[in-house]
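**Q** 3D model of this:
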Amino acid sequence: MNDPIWDEKSLRKIYTLAYRLTGDGQAAAALAEEVCVRLGRRGVNPDSLNALPLRTFQEASSLYLRRYRHLPAANPAPADGAPAGQQALNALPPEERVAVILRDMFRLPLKELETILAWPRHEVGAALARGRRNLCRHLGNGNEVSRIGVNPNKMNG
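**A** Now for the predicted structure:
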């Protein structure tokens with residue numbers, strides 16, 4: 001079987017998602033590579049990744065949670081020069097982090113989060129609410145998450 005040839009734009013999108021989830025360049029590269037391999041095995045054409053289809057989010061989120069769910073959240077202290085928004089994301093437990101990233105950064109509808117995460121609606125809502133609250137606390141912002149200034153296309157990673 002021939003491996004699909006992933007263009008730079010598709011790879012960058014997958015890496016960006018992986019970086020937001022892991023908060024670490026090396027871990028993100030490994031996760032992105034595994035996502036590409038798994039998608040290729042399932043017949044996902046690299047050309048179809050222009051908008052990061054649901055299958056990409058499912059694969060990345062599933063792999064991320066499988067690897068990191070058991071680990072405690074990191075401290076939000078400055079690490080490797082990451083922007084404050086990414087540092088605050090790194091401080092969230094994995095379930096909260098994936099919910100906040102998919103909903104607030106990639107703007108996925110709640111219905112799609114339920115599908116991607118295979119969680120009931122109340123669990124998705126609870127993880128999202130806790131994640132937003134903790135994110136604001138880590139950033140010293142008592143207001144809504146949208147004021148944190150995190151843009152997935154402009155964060156380093």
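
**Q** For the helix or strand bottoming out on mean pLDDT in the chain, which helices and strands make contact with it?
**A** Taking all helices and strands of the chain together, the one with the lowest average confidence (mean pLDDT, DSSP states H and E) is helix 54-68, at a mean of 82. Contacts of helix 54-68 with other secondary structure elements, assessed using 3 or more CB pairs under 8 Å, 6 or more residues apart in numbering; DSSP states H and E, are made with helix 8-22, helix 25-41, helix 94-100, helix 110-117. Placement of C-beta: from N, CA and C, glycine included.

**Q** after that helix, next one along is what?
**A** The element immediately downstream of helix 54-68 (helix or strand, assigned by DSSP states H and E) is helix 84-90.

**Q** I'd like the mean pLDDT over that next one, please.
**A** Along helix 84-90, the predicted local confidence has a mean pLDDT of 86.

**Q** now do stretch 137-155
**A** The predicted confidence, averaged over stretch 137-155, sits at 54.

**Q** What distance do you get for the residue minimising distance to the centre of the chain to residue 90?
**A** Most central in the chain under CA atoms, centre = their mean is residue 21, positioned 3.7 Å from the mean C-alpha point. Here the distance between residue 21 and residue 90 works out to 10 Å (CB to CB, to the nearest Å).

**Q** What pLDDT is listed against the residue nearest to the centre of the chain?
**A** According to the model, residue 21 scores 90 on pLDDT.

**Q** thinking it is in contact with residue 99, fair?
**A** No. Using CB atoms under 8 Å, residue 21 and residue 99 do not qualify as a contacting pair, with a distance of 11.1 Å.

**Q** who does the lengthiest helix in the chain touch, helix- and strand-wise?
**A** If each helix of the chain is counted by residues according to DSSP state H, the longest one is helix 121-139. Identification of packing neighbours for helix 121-139 by 3+ CB pairs under 8 Å, 6+ apart yields helix 84-90, helix 94-100, helix 110-117.

**Q** can I get those in TSV with mean neighbour count and distance to residue 67?
**A** Compiled in TSV, these are given as follows (neighbours: other CB atoms under 10 Å; distance: least, CB to CB, whole Å):
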stretch	mean neighbour count	distance to residue 67
helix 84-90	22	15
helix 94-100	24	9
helix 110-117	17	15
